[in-house]
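A.B. asks: Next one to model:
(2 chains)
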Protein chains: 2
Amino acid sequence: MATKFTKNAVGRMIPTEINGKPVIPFQGVGKYKPTGRRYAPPLVSCADYPADGDKRVANLKTALVEAGLKDGMTISTHHHFRNGDLIANQIFEIASELGVKDLIWFPSASFPCHEPIIEYLKDGTIHHIEGSMNGPLGRFASQGKMRGTGVLRSHGGRYQAVQDGDVVIDIAVIAAPTADPFGNANGLSGPSACGLLGFALADSQYAHKVIVVSDNVVPFPCIPWQIQGNYVDYVVEVEQVGIPEKIISGTTRITKSPDRLFLAELTAKFCDVTGIIHDGFSFQAGAGGTSLAIGNYFGEIMREKGIKARFARGGSNKYLVDMLEEGLVEYILDGQTFDLDGVRSMRENPRHVDTSPFTSYNYHEKGNFASILDVVILGATEVDVNFNANVVTHSDGYLLHGIGGWQNCLAGKNVILPIPLFRNRIPIIRDEVTTICGPGELIDVIVTERGIAINPRRTDLLEAVKGSDLPIKTIEELKAEAERICGKPALVETGEKVIAAIKWVDGTVIDVVREVKE
Amino acid sequence: MATKFTKNAVGRMIPTEINGKPVIPFQGVGKYKPTGRRYAPPLVSCADYPADGDKRVANLKTALVEAGLKDGMTISTHHHFRNGDLIANQIFEIASELGVKDLIWFPSASFPCHEPIIEYLKDGTIHHIEGSMNGPLGRFASQGKMRGTGVLRSHGGRYQAVQDGDVVIDIAVIAAPTADPFGNANGLSGPSACGLLGFALADSQYAHKVIVVSDNVVPFPCIPWQIQGNYVDYVVEVEQVGIPEKIISGTTRITKSPDRLFLAELTAKFCDVTGIIHDGFSFQAGAGGTSLAIGNYFGEIMREKGIKARFARGGSNKYLVDMLEEGLVEYILDGQTFDLDGVRSMRENPRHVDTSPFTSYNYHEKGNFASILDVVILGATEVDVNFNANVVTHSDGYLLHGIGGWQNCLAGKNVILPIPLFRNRIPIIRDEVTTICGPGELIDVIVTERGIAINPRRTDLLEAVKGSDLPIKTIEELKAEAERICGKPALVETGEKVIAAIKWVDGTVIDVVREVKE
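C.D. replies: As a prediction, this is how the structure comes out:
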């Protein structure tokens, strides 16, 4: 059966159907308006739950069987333990043993530790993955080996999809650092403390069956209850839910690379010159080495001017916590803690607040936090001359990264991408990006080590830099410079098969990823 | 048109229809199982809300008009300000001015300060009230003067009704002590601090339009966000939302009456003798003078035994906060703060946790906190020989009280009602209660100044008191004693007209209240 395609608002050809479901092509920012109603799970009664509040069952297998695990179900998990997760693989090992087929795995993100999942994709236990596929799983999908089509969503888009009923979760498995027998859970303490459990919020609220798994079960009440036990069906106690040293990981040290430090300093200077940094401003800080350095430069500027930020959003870490404790930042609105200082601060400091994709990012709601931010610093694998950007594929076509909160953050008032002009002698600024994850109209500034390009739509910023010594260039100039050094990049050759769809924050499809010809 | 009636599981005649909607008669505890799905509000998009997060409008009238206020709508408010509320009356004054008719007022409770609402019931602005009608409004309804039929629900039943779609809220008005322009709100600070906003939770989640009104608007973010701005449409800044001295009120001092102190001491002694008080136990404490005294006696017993309670639930006050700070109680799970010590403690102490009717009481969920409690101390206006109890009407037939969390708390492991044997020479224990609010099978112990009656179903408790010096009697003996002193009470004469329905926690109707013949 030939797949039909239609062109969306950013000019990409989108299949009319993915995994047997109709697709709404991207229609432009803020254009698509949902007409339905929130997803409504079946009503339940306390009469069917233990009156003493003790929902513990013997093990994960029992919980899955009692939850009614069967062919074709959608099973969700969460990436709070990042590359130290020990639970997701077990679920599908159990499902495989039980002979269950054609499951849809709906993780908030997958990591290299989930490589064993490939086995269950091969043996038919899992039909396809909806969620980011970092590393090995992305490579497997890119090779055209996954039966169904991957669906990638931003953190906010994942909440939206669950809330809107685009994805109906049959069974959610929430691995939690601390829980009580009723199912209240948090990520603040226990041997696998990860800070918060916000990525599991939608799942707890909307999944038909919810299983909480923990290696630190405390007597009721588990305080605070980041996940509310009133949504939970079963509690499973296990020896270990995560590998602590892999939970708190990632690039949580400030870069020492002179190139990246220069990028960071230039970005901070741009924010200073343009007045983006002002008393009471807000910023979104990432966890990469460059982002951390930018936060540090922001701190220096604030100290010098005697001003402070009302709040910072994003993954927390030692550096951001230091700014909070110094009083440079009044509040951290945290989506994901990246080190133990972040966990400690969230546990102890009422000004270090846990957020969720609902409060921060969900687009089908009455506003969210993302658009309130004065400045957002993000990365990209590629940017094109229309400021469209890519975060999921490399220039060789491989799908190796998830979207995270990246698309959602594009709603910020000033979106800045500090990126090197080229990586491994491949230019980052191109005529067209391999995969469009974010439309150029939302991306305001590209900062490279050889100059800053401002989106022509932002006449106010162009005005603000006039007379400054900032190295302002056009994006075409930057592209030309990269090509002069590295040569014009070859276009990647892809097959016909669509291996993944990239959803926009409103549930429409902004682009697809095709099979790579090896 | 003649109303049809049917007998429910506690033998009360229930109309088959109330306010034009079909009625499900009470079927017994845990018997009725809901078959539908959660209520699903229409989806919305961030594209239709201000990107800068500022949802402020000029005034309450503007907000109501923009929210689409029109004939027949259901408007909800909350009783966090108790008898000091300044907002609810304004809503209907505005509606009356605008000529809007036939509204349903859906407060979480009404108080004597809402007496002006009678005017809007008379002029057609309001059709009827669904919610408790303490004092003047109850008297007005009891006289048969309200057009529609009042519907009384417990706090948990109110959440259930909204969640299940039994009540669809068109516009929720949430008066908040502190809020930000995005609509995040809490009750912890500001001139009208009331502690928490849990009663407005369901409304924020499910109402089609949500208006937050505050006299203390702070820059985003308002932390903590007990109400999440993502659910809020409009924010209105006003001079004053409540009268502080009337917000923190009620009987928040320990009784000095020797009779009541005796009741309290006897209740505590019963809990001690029966082993209900043990290390790690939990109790629900009320705010009345007798309840406070019981808490004090509990404290004495715990100190003496060197044990502590894992948690206490219920309205907080100075006495409970003292126990928390002394370490006698590990956590307070608080549904409503009754004094400024409660507010301060909730603001400052992470072990003093705000709860909501969702976490504590909703019956159509995967368990709630109420059934986990070891002991619950409650009041009643009347009890019958089958242990059925009444909390809404007096023996003269007048509907003068709401249900509050009373019905929900009956789920506790041991439910004790310390009540005087008679009030104003009217016996409290009767052949039949005027209105059944709670079925006798859930009420375990009646403690009076002249003896303790244990429900014969509780053979374990009857066993536990054997050999003790507790004055154990049968409930018939207590009734006989009261009647010997006061005479047999006359039956109240009521008219035919049903003026209010009493819902059980599962949405079925357990009893109705009839017009009083004056």
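A.B. asks: Where does pLDDT dip in chain A?
C.D. replies: Scanning chain A for pLDDT under 70 picks out A:1-2, A:249-252.
A.B. asks: does the residue nearest to the spatial centre of it count as helix, strand or coil?
C.D. replies: Of all residues in chain A, the one closest to the mean position by C-alpha atoms, centre = their mean is residue A:404, 1.4 Å from it. The three-state label given to residue A:404 by DSSP: H, G, I helix; E, B strand; the rest coil is coil.
A.B. asks: Tally up the residues packed near residue A:490, please.
C.D. replies: Neighbours of residue A:490 under the rule other C-beta atoms under 10 Å in any protein chain shown: 9. C-betas here are computed from N, CA, C, even on glycine.
A.B. asks: scratch that, residue A:49
C.D. replies: Residue A:49, neighbours per other C-beta under 10 Å, totals 22.
A.B. asks: Could you count how many residues lie near residue A:190?
C.D. replies: As a burial measure, residue A:190 scores 22 neighbours (other C-beta under 10 Å).
A.B. asks: What parts of the stretch 1-150 of chain A come near chain B?
C.D. replies: A:30-53, A:55 (C-beta under 8 Å from any C-beta of the partner chain).
A.B. asks: Now that we have those, which of them are buried?
C.D. replies: For the residues of the stretch 1-150 of chain A next to chain B, a burial check counting by 16 or more other C-beta atoms under 10 Å in any protein chain shown picks out A:32, A:34, A:38-41, A:43-46, A:49, A:51, A:53, A:55.
A.B. asks: of all those, which two lie farthest apart?
C.D. replies: Farthest pair in these (C-beta to C-beta) is A:32 and A:51. Separation: 45.8 Å.
A.B. asks: Using PDB, list the CA coordinates for stretch A:76-87.
C.D. replies: Only the C-alpha atoms of stretch A:76-87 are listed here, as PDB (Å, rounded to 0.1, in the frame of the first residue of the first chain):
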ATOM      1  CA  SER A  76       4.900   4.100  29.600                       C
ATOM      2  CA  THR A  77       8.100   4.700  31.600                       C
ATOM      3  CA  HIS A  78      10.200   7.700  32.600                       C
ATOM      4  CA  HIS A  79      13.700   8.900  32.300                       C
ATOM      5  CA  HIS A  80      14.200  10.300  35.800                       C
ATOM      6  CA  PHE A  81      17.000   7.800  36.200                       C
ATOM      7  CA  ARG A  82      18.500   8.700  32.800                       C
ATOM      8  CA  ASN A  83      21.200   6.200  31.900                       C
ATOM      9  CA  GLY A  84      20.900   4.500  35.300                       C
ATOM     10  CA  ASP A  85      17.400   3.200  34.800                       C
ATOM     11  CA  LEU A  86      17.000  -0.500  35.800                       C
ATOM     12  CA  ILE A  87      13.200  -0.900  35.400                       C
END
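A.B. asks: buried stuff in that stretch?
C.D. replies: Within stretch A:76-87, judged by 16+ other C-beta under 10 Å, the buried ones are A:76-87.
A.B. asks: Identify, from those, the entry nearest to residue B:147.
C.D. replies: Nearest member of the buried residues of stretch A:76-87 to residue B:147, counting by C-beta to C-beta, is residue A:76, at 48.5 Å.
A.B. asks: which SSE is that closest one in?
C.D. replies: strand A:74-77 (DSSP states H and E).
A.B. asks: Residues in contact with that strand: which ones?
C.D. replies: Strand A:74-77 is touched from outside by A:69, A:85, A:87-88, A:91-92, A:95, A:103-108, A:130, A:167-175, A:203, A:207, with contacts defined as C-beta atoms under 8 Å, 6 or more residues apart in numbering or on different chains.
A.B. asks: For the stretch 151-300 of chain A, what lies in contact range of chain B?
C.D. replies: Residues of the stretch 151-300 of chain A lying near chain B (C-beta under 8 Å from any C-beta): A:163-164, A:182-183, A:210, A:219-221, A:223-225, A:228-233, A:280.
A.B. asks: swap in the stretch 401-518 of chain A?
C.D. replies: So far as C-beta under 8 Å from any C-beta goes, the stretch 401-518 of chain A lies against chain B at A:411, A:413, A:506.
A.B. asks: residues near the last one, how many?
C.D. replies: For residue A:506, the neighbour count with other C-beta under 10 Å is 25.
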